[in-house]
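Enquirer: take a look and give me a structure for this.
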Amino acid sequence: MINLEQITKIVESCGVSLYDTEVASEFDKKIFRIYISSKEGIGLDKCEEISRILSPIFDLEPPLEGEYFFEVSSPGIERKLIKPEHFAASIGEKVKLKLNDKEKMVGVLEAYENGVVSVRIDNDVRRIPLESIEKARTYFEW
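Expert: Residues are numbered from 1 along each chain as shown. From the prediction side, this is the model:
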């Protein structure tokens with residue numbers, strides 16, 4: 001079975017970064033989804049390129065047991081922030097947070113350092129430890 005480190009190397013050899021992976025279940029179908037990102041953005045051509053490279057590899061070394069579908073996608077304009085590197089890469093962007101105590105907030109991610117997120121809300125900067133955050137995502141005001 002192929003591992004995450006091998007997938008990461010293959011994706012990076014194509015000039016983009018592996019943002020995240022997920023296993024989803026939709027309409028009783030298992031989906032192995034890879035999210036890729038780059039500073040320049042991700043187009044359909046890049047998703048297709050990585051899919052064409054990984055599909056035959058997954059035929060020989062599947063990432064999951066059993067039957068599944070495989071997708072390559074951009075994490076989107078409003079992407080989940082899960083890993084410390086997601087927060088570090090999103091500094092300067094608007095974010096939406098839901099804390100463990102159910103408090104919700106929207107602000108600009110000012111900094112990420114040593115497991116603490118700094119978010120500017122109006123003229124105030126809140127420092128929030130990662131373990132206090134239930135959900136986080138970048139936020140685009142339409």
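
Enquirer: tell me the residue furthest from the middle of the chain?
Expert: N123 (28.5 Å; C-alpha atoms, centre = their mean).

Enquirer: measure that residue to S55 for me?
Expert: 50 Å (C-beta to C-beta, to the nearest Å). Quick note: C-beta positions are derived from backbone N, CA and C, even for glycine.

Enquirer: same check on G107?
Expert: Taking C-beta to C-beta, one finds G107 at 40 Å from S55.

Enquirer: between those two, which one's more packed in?
Expert: Comparing G107 with S55 by other C-beta atoms under 10 Å, the one with more neighbours is G107, at 19 against 11.

Enquirer: show me the domain layout of this structure.
Expert: According to automatic domain parsing, the chain comprises the domains 4-73, 84-138.

Enquirer: so how far is the longest one from its chain's centroid?
Expert: To tie it back to what came earlier, the one meant is domain 4-73. 12 Å (C-alpha atoms, centre = their mean, to the nearest Å).

Enquirer: what is the end-to-end distance of it?
Expert: Start-to-end span of domain 4-73 (C-alpha to C-alpha, to the nearest Å) is 16 Å.

Enquirer: also stretch 87-107?
Expert: Stretch 87-107 has an end-to-end distance of 13 Å (criterion: C-alpha to C-alpha).

Enquirer: what of stretch 112-121?
Expert: 15 Å.

Enquirer: show me the contact partners of it.
Expert: Contacts to stretch 112-121, defined as C-beta atoms under 8 Å, 6 or more residues apart in numbering, come from residues 84, 87-88, 91, 95, 97, 105-111, 125-131, 133, 136.

Enquirer: switch to 10 Å and redo it
Expert: With C-beta atoms under 10 Å, 6 or more residues apart in numbering as the test, stretch 112-121 has contacts from 81, 84-91, 94-97, 105-111, 125-133, 136.

Enquirer: that stretch: which residues count as buried?
Expert: Neighbour counts using 16 or more other C-beta atoms under 10 Å place Y112, V117, S118, V119 of stretch 112-121 among the buried residues.
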